[in-house]
Each structure stands twice: as structure tokens, then as C-alpha cells.
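**Student:** Any chance you can model this:
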Amino acid sequence: MKDIQGPDRSVIVPAAKALSADKSTTSRLLELLDVASHVDARHGILYALSWHADLRTWDLMVRILADPQEAPKVRGQAAEGLSYMFHGVKMDSREAEVAVEALLMALKDPSPEVRYCAVNTLGATGHLPLVPVLKEMLADQTPAPGWVGTVGEEASRALDWIERAHSQRLKDGL
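**Tutor:** Modelled structure (predicted):
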């Protein structure tokens, strides 16, 4: 736990990976996030929490994503964290509505990392009504440092995920 709190990224990354596999650390990580101010520490803590996919962190992830005072790396990680939880939230719920609103706002963010992660998460929703906005994002050919390809390429993958999810729902009779 102490390794994830420091400013040294070379120590934070392995700590975050180890803590991501231990869901019993969720409460302690949330406490650390309340006091952590260093960008890499906040990113590492959110990375670990993302893999826990604990719906208790939903509102926190939405709040961080929407906070322009947070670093792009941190806001992008919050968006990614939501992607792991959308399967546990009904798309017609208030929680999903608020998250989708924050993700749609993130598509206009000056940071390509935030836009990339928002596009990815919108794809993870599997929600067909989001197809038009994702199609618009295909034109964003800005590379996202630290990620694979451009924002537009991620939008293409997100569209594929939505189409596959829709096809699966049809097969399942849903």
C-alpha cells in the first residue's frame, strides 16, 4: 500500500498491478485516493480500483472523469474504470445516464487520452443509441500517447463492440 502513494512511477506501477488483483483493498484504496495529490499516485490508485469493478466506486469515477481540475491521465483512468462496470448497470438507470453524459462531455476534452478512454467506455456500454456519436469520433485521428492508435481507431473498435453486443442480445432473445 505504501508503494502506491509515493511519487515514483517505477514503484507505483507494480504496486497498482498487485493491488488491482486484490479486491479486499478497495476500501483502503478509496481512503488513499482521498489524500493522494500526486498525479501518478492518483492514477495508480484508480487503475487498481478499476480492476476491482466495484459498483460502489461508480459515482467517484464519474465525478473524477467530469472534474477538469484532475489530470488527463487520472480522468482517462476514471473513464476506463467505468468501462469495467457498465455490465452491472442498467442503461435506463440514472447512474448510467449521468455517466454517459460525462463521457459525452469527455469526447470534447482537449486531451486525446481522455477522448480515447471515453470512446472506449462508450463502446463498452454496448448501447446502440451511442453509435452516431462514435461514428463522429472516427474523424479524430489524434494519437493517444500511451494507448494503441488514435482516438478514431478506438472509436472504430468501440463501434465493433457495440455491434457485437447488439448481435449477442438478439441471439439471446433480449
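
**Student:** Which positions within stretch 49-61 qualify as buried?
**Tutor:** Going by neighbour count (16 or more other C-beta atoms under 10 Å), the buried part of stretch 49-61 is 49-54, 57-58, 60-61. Where C-beta positions appear, they are placed from N, C-alpha and C, glycine not excepted.

**Student:** got the contact list for the nearest residue to Lys23 once chain neighbours are set aside?
**Tutor:** Nearest residue to Lys23, sequence neighbours excluded (C-beta to C-beta, 6 or more residues apart in numbering): His52, at 4.9 Å. The contact partners of His52, by C-beta atoms under 8 Å, 6 or more residues apart in numbering, come to 20, 23, 25-26, 29.

**Student:** mind checking the longest helix of this protein?
**Tutor:** helix 151-171 (DSSP state H).

**Student:** tell me which residues in that helix are buried?
**Tutor:** 151-156, 158-159, 161-162, 165.

**Student:** Skipping its backbone neighbours, what lies nearest the most centrally placed residue in the chain in space?
**Tutor:** By C-alpha atoms, centre = their mean, the chain has its centre lying nearest to Glu80, at 1.6 Å. Nearest residue to Glu80 in three dimensions, chain neighbours excluded: Cys117, at 5.1 Å (C-beta to C-beta, 6+ apart).
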